[in-house]
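A.B. asks: take this sequence and fold it.
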Amino acid sequence: MRSRDERGSSLLLVLVVITVIATALSALLSRADTAERVSKSLRDQTVASYASDGAMEAAINNLRNSSYNGESGQKCFGLSDTLSLVLFNGLDSAAVTCRPDPKQVVVNCCNRPTNAVLALGRIPGESGLVVDQPADSTLQIHGTVVANSPVSVLAGQLETSGLLSTSGSDPEYPAISSVPGHRALPSCTTPNAVVTFLPGYYDDAAGLTALMKSDSPCRGSTWWFKPGTYYFDFHNSENPLLATGSHAWTIDSGTLVGGTRTGTFPDACASPLDGAADGVRFVFGGDSRLVVKGGRAELCGTYSATEPPIAVQGLTSGAESVTALDGRPTSVSLLSKFGLTATPARLSAVDGVAASWKSTAVNDSAPLTLSGYKPGSAIPSGSVLESAALKITHRHSDPGTADRLDLSVDVGAGTPVAASVAGGPGGTAYRTETVPLDSDALAQAVYDGSFDGLSIALTARLAAKDDTEDIDAVRLELRYTAPALRAADGCVTAGPYPSNTSACALVSGPVFVQGTVDAPLGVLDLTVAPGTPPVVSGGVVVRALRITATGKLSGVVISRPDDSPGFTFGVQLTAYICPGALLCPASGRPSLQARIGLVDADPAHPDAGRRAVTVLGWWRAG
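C.D. replies: Sure thing, here's the model as predicted:
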């Protein structure tokens, strides 16, 4: 029997070997190709990276050597906001676009406080700085702390970026020079509303407190104080037209926001350290003060190039005074028994030149109407009437009887004031009678700033026939206290705080201040919760500062802004690379982006070639 032919098996084996070798060669070649392509891609990316870096540096150098400062009508690169770089990197071209960011503020030696905390008080028993916090908490202050009185850390630790020192003096920051116009409180009947306040003078602490109580009709509202200057000098204990109460304005509900509104609390208003948005200045006079109890408050100051952005200020000088008004008649009724003798000139001055009338019957009478008595200048709104009286100088001739004067005084609103003057026996001597004008309508007119004079219906009565009544003068003596800038006094300046029960803080509670607190005669008593931003970002000048933490703190509580050497505005640059193209359109996917700040000694007049550039950000497209 013949054996099987094995040539077919050999052929099969050869084919298997060839297939394995071919597969291995194919994988090897594929891997080599992939490695080549990866290498090429990496080379391309590296070239593109270098190209985009170079393009960005070219754009930055162009700006450094220009006088571009973002003013209206200017272009970043001369005639255009796009810098075209033809064949910038061998056969590659590039384009860089420029977009100015909003202008930034300049913080330097002239518009930021020297210290984070300056406590000026020297009252025995009163600490310049008191920190009350949990034992495992660390209160941080960014900047130097200067205190003329002891620093007391009841628990935990105090960290500052500057040394604690003593012997500080008041920097005497400028205060407002005049009282702004008087404002009435806004009306509100709906809870959770936005209640808008306008800049001006506010004198009613009881009214503000009632508006912001937890059970008021507009409880839970946002109390928005629009940008501007606010002067709080409360007169609830002096002005009978206002509800009686203390001079503490208490917020027990809602959120107070002072300045340009931006978002939610905190950061509810635009900080003067981030831009030039308008803010508020809350100025307190006398013993007026702010207590944030159940609500919360955030105040943002206004940027200034020459002084710190003061958001809260307690006055250190000024006093109110009483103004006397001597009113005279400017008009007298023509139809009168006094005839032509009754003239404004005769009835204005005590000079013996009188208006005269002679009775023609027993129990005779003669009506006379006088008007005018206008103030020489308008009485400012918000003034408090101290006293008002008519001074009537008169006589009659019959020694055996007495004369009488009946008066009805019309102040323009309300019921006229009625009064009578019982004269005396006749003779040659004049007598002056004082007739008090106790009139709510007159007090309201003075308070409203609407007092514009009054009219008097006077009736002279003589008991005997042929008796002569001489009226030498009918004058108005009015005394009022106009709104004035008043230095802190009363409990605000009393110490030591808080052990003295008659002492009080100028501002107390959970208050955030984006700006500077300037109250050299007052105390700032702040409540701080963990996880919140700095409660005062622009430094504190006070008599004393007390900080109470409601939990373990982990961030800066009081801050003084750092210097910025003329940083005026930012520019965002975007680079595009076009390999192998003559022209590169500024579109598609960017190769590189950057944000830079231009720094000039004089931001308004850049010196081309000598300006510095600060790189604020540099990132590639993801």
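A.B. asks: may I have the distance across stretch 182-197, first residue to last?
C.D. replies: 12 Å (Cα to Cα, to the nearest Å).
A.B. asks: equivalent analysis for stretch 98-114, please.
C.D. replies: 37 Å.
A.B. asks: what do you get for stretch 112-130?
C.D. replies: 24 Å.
A.B. asks: in that stretch, what's buried?
C.D. replies: 112-121, 123, 126-130 (16 or more other Cβ atoms under 10 Å). All C-beta atoms are positioned from the backbone trio N, CA, C, and that covers glycine.
A.B. asks: then stretch 140-159?
C.D. replies: So stretch 140-159, judged by 16+ other Cβ under 10 Å, has buried residues 140-149, 151, 153, 156, 158.
A.B. asks: send the alpha carbons of that stretch over as CSV?
C.D. replies: The C-alpha coordinates for stretch 140-159 follow below in CSV (Å, rounded to 0.1, in the frame of the first residue of the first chain):
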residue,chain,number,x,y,z
GLN,A,140,-7.1,87.5,60.0
ILE,A,141,-6.5,91.2,59.2
HIS,A,142,-4.8,92.1,56.0
GLY,A,143,-2.7,95.2,56.8
THR,A,144,-1.2,96.9,59.8
VAL,A,145,-3.1,97.3,63.0
VAL,A,146,-2.5,100.5,65.0
ALA,A,147,-4.2,100.9,68.4
ASN,A,148,-3.7,103.6,71.0
SER,A,149,-5.4,101.3,73.6
PRO,A,150,-4.8,97.7,74.4
VAL,A,151,-5.7,94.9,71.9
SER,A,152,-7.7,92.1,73.5
VAL,A,153,-8.1,88.7,71.9
LEU,A,154,-10.6,86.9,74.2
ALA,A,155,-10.0,83.5,72.5
GLY,A,156,-8.3,82.0,69.4
GLN,A,157,-5.6,83.9,67.5
LEU,A,158,-5.1,87.2,65.7
GLU,A,159,-3.1,87.3,62.5
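A.B. asks: what about that stretch, average pLDDT?
C.D. replies: Here stretch 140-159 scores 93 as its mean pLDDT.
A.B. asks: just stretch 206-220 next, same as before
C.D. replies: Mean predicted confidence for stretch 206-220 is 96.
A.B. asks: so where's the stretch 201-350 of the chain uncertain?
C.D. replies: Where the stretch 201-350 of the chain drops to pLDDT under 70, the residues are 275-276.
A.B. asks: what's the farthest-apart pair in the buried residues of stretch 140-159?
C.D. replies: Asn148 and Gly156 (23.4 Å; Cβ to Cβ).
A.B. asks: hang on, the earlier thing: for the buried residues of stretch 140-159, which one is nearest Gly372?
C.D. replies: Using Cβ to Cβ, those come closest to Gly372 at Asn148, 57.0 Å.
A.B. asks: got the contact list for that closest one?
C.D. replies: By Cβ atoms under 8 Å, 6 or more residues apart in numbering, Asn148 lies in contact with 119-122, 128, 166-168.
A.B. asks: what strand or helix carries the closest residue to it other than its chain neighbours?
C.D. replies: Nearest residue to Asn148, sequence neighbours excluded (Cβ to Cβ, 6 or more residues apart in numbering): Arg122, at 5.2 Å. Here Arg122 sits in a region with no helix or strand, counting by DSSP states H and E.
A.B. asks: what do you get for Ile60?
C.D. replies: Ile60 belongs to helix 7-64, assigned by DSSP H and E.
A.B. asks: paired strands for the helix or strand following that helix, with orientation please.
C.D. replies: Following helix 7-64 in sequence order, the next helix or strand is strand 82-89 (DSSP H and E). Strand 82-89 has these partner strands in its sheet, going by DSSP bridges: strand 92-103 (antiparallel).
A.B. asks: check the offset of the strand it pairs with from the chain's centre.
C.D. replies: Here strand 92-103 is found 37 Å from its chain centre; the criterion is Cα atoms, centre = their mean, to the nearest Å.
A.B. asks: mind giving me the packing neighbours of the next helix or strand after that strand?
C.D. replies: Following strand 92-103 in sequence order, the next helix or strand is strand 117-119 (DSSP H and E). Strand 117-119 sits against strand 145-147, strand 540-549, with contacts defined as 3 or more Cβ pairs under 8 Å, 6 or more residues apart in numbering; DSSP states H and E.
A.B. asks: any idea of the mean pLDDT in strand 117-119?
C.D. replies: On average, strand 117-119 scores 96.
A.B. asks: numbering from 37 from now on, please.
C.D. replies: Got it, first residue is 37 now, which makes that one strand 153-155.
A.B. asks: what's in contact with it?
C.D. replies: Contacts for strand 153-155 (Cβ under 8 Å, 6+ apart): 164-165, 177, 179-185, 204, 207, 575-581, 594.
A.B. asks: repeat that for 10 Å
C.D. replies: Residues from elsewhere that reach strand 153-155 (Cβ atoms under 10 Å, 6 or more residues apart in numbering): 162-166, 177, 179-187, 196, 198, 200, 202, 204-207, 553-554, 556, 559-560, 572, 575-581, 583, 593-594, 596.
A.B. asks: same deal with stretch 95-103?
C.D. replies: 104, 110-114, 118-119, 121, 130-134, 607, 609-611, 630, 632, 634, 636, 641-649, 651.
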